[in-house]
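> Pasting a predicted model and its sequence here:
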Amino acid sequence: MSFFGWFAAFFRSRYDLGLEPVTLRHQVAVLKRRNPRPNLGQWDRLFLLTLRRWWSKWAEVPVVVRPETVVRWHRAGFRLYWRWLSRRREKGRPRLGAEPRRLIERMARENPLWGAPRIHGELLKLGFEISERTVSRYLARVGRKGNPRKLWSIFLRNHREVIAAMDFFTVPTATFRVLYCFFVISHSRRKVLHFNATEHPTSAWIGQQLREAFPEDTAPHYLILDRDRKYEGEVTEVLQSLSSELVRTSYQSPWQNGVAERWVGSCRRELLDHVIVLNETHWRRLVREYLAYYHADRTHDGLGKDTPEKRPVEGRQVPHCQVVALPRLGGLHHRYTWRAA
């Protein structure tokens with residue numbers, strides 16, 4: 001031992017000097033075992049865990065195992081101890097079956113406004129013996145604070161007659177210019193109330209489009225729009241002057257303006273994917289023809305296979321007649337009707 005080692009040992013407590021040789025002798029005993037690799041038994045682990053509990057300098061001595069391993073053993077023992085304490089006893093409230101749990105999750109999913117008291121009442125009417133506290137605990141596991149998508153769809157469904165939506169989408173031209181297309185669509189019959197396009201969508205231009213879309217206080221009760229910066233300035237003043245409640249969608253949530261997004265998708269799939277827009281005048285003519293087809297001829301799944309303008313059913317009037325095709329958009333789409341032969 002060097003002079004500095006002897007000098008440091010002189011000031012160490014008898015407690016440390018007594019535990020250190022015990023620890024070293026234990027490790028020598030482990031290393032003398034015949035196994036190729038020293039095998040630590042349960043008593044060895046218990047010894048090291050006790051040493052860690054009662055000696056603050058335990059990590060300076062062990063070389064058979066790392067201190068992190070001893071800490072991991074201690075945490076595993078802690079988990080086993082509390083698992084044993086929280087084991088299920090024979091007495092107490094019986095565990096809830098799988099069927100009531102599925103019903104709680106189903107009622108919570110189908111009724112986002114219901115809490116534990118309402119769901120508990122329905123379960124009692126179905127003959128289940130369950131406490132409201134148990135229902136509340138399982139609702140917390142579901143993690144349901146109200147499904148925003150379901151609540152939003154319910155709002156749109158219940159107020160579709162008084163809702164309109166507005167949005168922009170872009171269209172490239174043959175000369176690589178970009179047209180900004182503004183439109184307003186009604187939720188009740190999916191009818192486009194107003195459409196226009198420009199290369200420079202200024203605040204004054206958008207305000208004028210809103211005045212043309214809703215003249216003489218014809219604005220709907222609710223108007224859905226996103227958080228685009230183009231709606232600032234004069235547009236905000238025009239929107240506030242309308243007798244409508246503005247409902248802005250959340251950030252990066254186009255699904256909240258689904259009716260408008262679906263119309264943009266239909267316009268792209270059924271028109272833009274098959275034509276090259278030459279200029280602004282050409283695009284306006286194409287949109288006028290497409291809107292005429294969209295409103296009067298094209299059937300919609302959301303309207304029960306009907307059109308926004310309620311296309312009548314055309315039955316066979318005379319025995320000798322045949323189905324003929326009426327071209328729309330230059331033959332890109334067709335409408336079919338009966339005609340006498």
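It's in.

> Could you tell me how many residues sit around His187?
Residues lying near His187 (other Cβ atoms under 10 Å) number 22. In this view, the C-beta of every residue, glycine as well, is placed from N, C-alpha and C.

> Need the pLDDT of it.
pLDDT for His187: 92.

> Ramachandran coordinates for it?
For His187, the backbone dihedrals are phi -80, psi -30 (criterion: degrees, to the nearest 10).

> likewise the one 10 residues further on?
Dihedral angles of Ala197 (phi, psi; degrees, to the nearest 10) stand at phi -140, psi 150.

> Can you get me a residue count around it?
The number of residues packed near Ala197 is 20, by other Cβ under 10 Å.

> List the contacts of it.
171, 179-182, 280, 283-284, 287 (Cβ atoms under 8 Å, 6 or more residues apart in numbering).

> Could you tell me which of those residues count as buried?
171, 179-182, 283-284, 287 (16 or more other Cβ atoms under 10 Å).

> from what I can see His120 touches Val135, true?
Yes. Assessed by Cβ atoms under 8 Å, His120 is found in contact with Val135 at 4.6 Å.

> about what we covered before: which members of the contacts of Ala197 occur in strands, if any?
171, 179-182 (DSSP state E).

> and which of these is nearest to Asp217?
Nearest to Asp217 out of the ones in strands among the contacts of Ala197 is Phe182 (Cβ to Cβ; 20.8 Å).

> Tell me which helix or strand in this protein has the weakest average pLDDT.
In the chain, no helix or strand scores lower on mean pLDDT, DSSP states H and E than helix 3-10, which sits at a mean of 45.

> thinking again about what came up before, any chance of the buried ones among the contacts of Ala197 in a markdown table, plus distance to Glu232?
Shown next, in a markdown table, are the buried ones among the contacts of Ala197 (distance: Cβ to Cβ, whole Å):
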| residue | distance to Glu232 |
| --- | --- |
| Val171 | 23 |
| Leu179 | 21 |
| Tyr180 | 15 |
| Cys181 | 19 |
| Phe182 | 15 |
| Trp283 | 26 |
| Arg284 | 26 |
| Val287 | 26 |
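
> between those residues, which is nearest Val247?
Phe182 (18.0 Å).

> so what's that closest one up against?
Residues near Phe182 by Cβ under 8 Å, 6+ apart: 166-168, 194-198, 201, 206, 209.

> That one bridge partners, please.
Beta-bridge partners recorded for Phe182 (DSSP bridges): Phe168, Asn196.

> From Pro254, how far out is it?
Phe182 sits 16 Å away from Pro254, going by Cβ to Cβ, to the nearest Å.

> Then His333?
His333 sits 26 Å away from Pro254, taking Cβ to Cβ as the criterion.

> between these two, which one's more packed in?
His333 (19 against 13).

> Give me the pLDDT value at that one.
90.

> tally of neighbours for the closest residue to it other than its chain neighbours?
With Cβ to Cβ, 6 or more residues apart in numbering as the criterion, His333 has its nearest non-adjacent residue at 5.9 Å, and that residue is Tyr293. Neighbour count for Tyr293, taken as other Cβ under 10 Å: 19.

> what about the stretch 101-250 of the chain, any weak spots by pLDDT?
Across the stretch 101-250 of the chain, the stretches falling below the confidence threshold (pLDDT under 70) are 143-149.

> Would you state the strands of it in chain order?
Secondary structure of the stretch 101-250 of the chain (DSSP state E, counting those that start in this stretch): strands at 163-172, 178-186, 192-198, 222-225, 245-248.

> right, and those strands - which one's nearest Arg141?
Of those, the one closest to Arg141 (Cβ to Cβ) turns out to be strand 245-248, at 32.8 Å.

> Give the next helix or strand downstream of the closest one.
helix 258-270 (DSSP states H and E).

> Now do the buried residues in that following helix.
258-260, 263-264, 267, 270.

> related to what we said a few turns ago, so can I have TSV of the contacts of Phe182 showing distance to Lys125?
Shown next, in TSV, are those (distance: Cβ to Cβ, whole Å):
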residue	distance to Lys125
Met166	46
Asp167	45
Phe168	51
His194	51
Phe195	52
Asn196	56
Ala197	58
Thr198	60
Pro201	57
Ile206	54
Gln209	54
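
> nearest to Ile276, of those residues?
The nearest one, if we look at these relative to Ile276 and count by Cβ to Cβ, is Ala197, at 15.4 Å.

> how distant is stretch 134-142 from the center of its chain?
21 Å (Cα atoms, centre = their mean, to the nearest Å).

> now do stretch 333-341
With Cα atoms, centre = their mean, you get 45 Å for stretch 333-341.

> what comes up buried for it?
Quick answer for stretch 333-341 (16+ other Cβ under 10 Å): His333.

> Who are the contact partners of the nearest residue to Leu291 once chain neighbours are set aside?
Using Cβ to Cβ, 6+ apart and skipping residues adjacent in sequence, the residue nearest Leu291 is Val192, 5.7 Å away. For Val192, the contacting residues are 183-186, 263, 291, 294-295, by Cβ under 8 Å, 6+ apart.

> 10 Å instead, please
Contact analysis of Val192 by Cβ atoms under 10 Å, 6 or more residues apart in numbering lists 183-186, 260, 263, 267, 287, 290-291, 294-295, 308.
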